[in-house]
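Chemist: My questions are about this predicted structure, shown below with the sequence.
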Amino acid sequence: MGLVPVVSTVVGWLCCGGAIAATGVTLVNWGTFSAGARSRWTIASAVWGVVALMVGVPSSIAFDVSLPLDYWAGLFAGARGLLSLPLLAGLPALAWVGIARLLRRKARCSRTTAGWLFVAYSVVLLFWGATSLRMV
């Protein structure tokens, strides 16, 4: 019976993948928040995103730290996902707008839809971190 490295993978993922999920939850619940709650959730998402950028960018400084390999898999999956998010979100959005212009329709995406896409993307990153070591 082997170890189940779920906890260390999730902890590694929380730095960056959690920031993406928090942004998605903020967008999903935007319409139900009061003005004060909107402000607090926006600040929390922004701070978490800045921390994610500081922690999640891979550097050689952290390689000397002895942590489980699954932690690093979760961290790197989240970091790569966070750093590639502008490309992965921007290209489909540009394609969506271009197709809508060709069809002469309005290209609309609600905050709720965008929020659920962020949450789904963060869950995909979690599964990617959990399975990336097993694919080698």
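Modeler: That came in fine, so what should we check first? As the structure is a prediction and not an experimental result, all values here were calculated from the model.
Chemist: which residues sit in contact with the residue nearest the centre of the chain?
Modeler: In the chain, the centroid-proximal residue (CA atoms, centre = their mean) is Ile20; its distance is 3.0 Å. Going by CB atoms under 8 Å, 6 or more residues apart in numbering, Ile20 touches 78, 81-82, 85, 118-119, 121-122, 125. For glycine as for every other residue, the C-beta is placed from the backbone atoms N, C-alpha and C.
Chemist: Which one (most neighbours) among these?
Modeler: In terms of neighbours by other CB atoms under 10 Å, these top out with Gly78 at 29 neighbours.
Chemist: now the contacts of Ile20 in JSON lines, with secondary structure?
Modeler: Output for those, formatted as JSON lines (DSSP: H, G, I helix; E, B strand; the rest coil):
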{"residue": "Gly78", "secondary structure": "helix"}
{"residue": "Gly81", "secondary structure": "helix"}
{"residue": "Leu82", "secondary structure": "helix"}
{"residue": "Leu85", "secondary structure": "helix"}
{"residue": "Phe118", "secondary structure": "helix"}
{"residue": "Val119", "secondary structure": "helix"}
{"residue": "Tyr121", "secondary structure": "helix"}
{"residue": "Ser122", "secondary structure": "helix"}
{"residue": "Leu125", "secondary structure": "helix"}
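Chemist: Can you give me the pLDDT of Val65?
Modeler: For Val65, the pLDDT comes out at 69.
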